[in-house]
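Colleague: A structural model of the following input is requested.
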Amino acid sequence: MDGLELTAFQIISSVGSARSCYIEAIQEAKKGHFGKAESLISEGDEMFVEGHDAHSNLLTKEAQDGPGSSLSLLILHAEDQLMSAEGFKTIALEFMDAYKRMEALEAKTQQIN
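Modeller: Numbering: from 1, shown residues only. The predicted model follows:
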């Protein structure tokens, strides 16, 4: 396995773990465990940065070596996973906000009754 393949797998692994954290954060927020959900978002962010940094290094290398020097299906897959994880973070944050609002409304409803 050459350096390019290793970097692609590093990206896929890092952002895959990040995406898993973001999905788990949604599940924890649904249960009302907002502290745990926020912790999972932070953990996911750390993993995402690892993958993003590896991707940035690939872009820098290609800029130095010239275009077309390192394109492969594996790299395309890694970039797809990177974008997917980023989208899941956005979705997770929106769900967390919605669950917080629902919990606050439920609390107000219980106070009225």
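Colleague: report the distance from stretch 89-103 to the chain centre.
Modeller: Offset of stretch 89-103 from its chain centre (CA atoms, centre = their mean, to the nearest Å): 15 Å.
Colleague: just the buried residues of that stretch, please?
Modeller: By 16 or more other CB atoms under 10 Å, the buried positions in stretch 89-103 come out as 89, 92, 93, 95, 96, 99. C-beta coordinates here come from the backbone N, C-alpha and C atoms, glycine included.
Colleague: again, but for stretch 35-55
Modeller: 37, 40, 41, 43, 44, 47, 48, 50, 51, 52, 54, 55.
Colleague: sorry, back to before: how about the buried residues of stretch 89-103 in a markdown table, adding distance to residue 59, pLDDT and secondary structure?
Modeller: A markdown table is the format used below for these (distance: CB to CB, whole Å; pLDDT from 0 to 100; DSSP: H, G, I helix; E, B strand; the rest coil):
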| residue | distance to residue 59 | pLDDT | secondary structure |
| --- | --- | --- | --- |
| 89 | 21 | 97 | helix |
| 92 | 26 | 97 | helix |
| 93 | 26 | 97 | helix |
| 95 | 31 | 97 | helix |
| 96 | 31 | 97 | helix |
| 99 | 36 | 97 | helix |
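Colleague: make CSV out of these and add distance to residue 74.
Modeller: Output for the buried residues of stretch 89-103, formatted as CSV (distance: CB to CB, whole Å):
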residue, distance to residue 74
89, 23
92, 27
93, 30
95, 31
96, 33
99, 37
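Colleague: from these, pick the one nearest residue 63.
Modeller: When the buried residues of stretch 89-103 are compared for distance to residue 63 (CB to CB), residue 89 wins out at 26.5 Å.
Colleague: could you list every residue that touches the residue lying closest to the closest one once chain neighbours are set aside?
Modeller: In this structure, residue 89 finds its nearest non-sequential neighbour in residue 22, 5.0 Å apart by CB to CB, 6 or more residues apart in numbering. Contact partners of residue 22, counting by CB atoms under 8 Å, 6 or more residues apart in numbering, are 40, 41, 44, 85, 88, 89, 91, 92.
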